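**Q** got a sequence here, can you build the structure:
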Amino acid sequence: MCKKCWIVVSLLLLLIAGAGYQFMIAGDNASSPDGRIAIPLSPAEKDLVLTEMRSFLNALQQISSGISEADFKLISEQARLLGSAAQQGVPISLMGKLPLSFKKLGFDTHQKFDLLAMDAEQLQDKEHTLKQMSTLMSNCVSCHAAYKIETIVTK
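**A** Predicted structure coming up:
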């Protein structure tokens, strides 16, 4: 009897590990004709991701303006809006569809916004802030080069 229990427990653990791998690491993706990784999302999920990306772009424009005017309050406010706290509203169902590499890049981007906000307040160094902004923009460029968001057509 105990041997059967161990077999059942082992099979359940394998099933849980497989589901965890699919949810946490693999995500739901395929390659697209242009060589990028296609991430299929529902229209609402796609809107959420693209809205966040537009927020990144808007904040980077405001940060650029803040650098030119040495307005470190503006810089820190804009960067803080998109720091790690901004990740809290992402639904678990969406996180499960995103590949691990996409999630890592997103988490790194939010952390870089946090660091930029903190450094802008404490250092108030235009050159340093400009370098941080350049690094952030490299994340944006690498994300757009690697991934393509596609809409799942549901009936």
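**Q** and the next helix or strand past the longest helix belonging to the chain?
**A** The longest helix of the chain (DSSP state H) is helix 43-69. Next helix or strand after helix 43-69 toward the C-terminus (DSSP states H and E): helix 72-81.
**Q** right, and the helix or strand after that next one?
**A** Under the assignment DSSP H and E, the closest C-terminal helix or strand after helix 72-81 is helix 92-97.
**Q** what is that next one packed up against?
**A** strand 37-41, helix 43-69 (3 or more Cβ pairs under 8 Å, 6 or more residues apart in numbering; DSSP states H and E). Yep, even glycine has a C-beta here, placed from its N, CA and C like the rest.
**Q** dump those to JSON lines, plus mean pLDDT and mean neighbour count.
**A** Written out in JSON lines, the entries for those read as follows (pLDDT from 0 to 100; neighbours: other Cβ atoms under 10 Å):
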{"stretch": "strand 37-41", "mean pLDDT": "96", "mean neighbour count": "18"}
{"stretch": "helix 43-69", "mean pLDDT": "97", "mean neighbour count": "16"}
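**Q** can I get the ones you listed in TSV including distance to Pro91?
**A** As requested, the helices and strands packed on helix 92-97 are exported to TSV (distance: least, Cβ to Cβ, whole Å):
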stretch	distance to Pro91
strand 37-41	11
helix 43-69	8
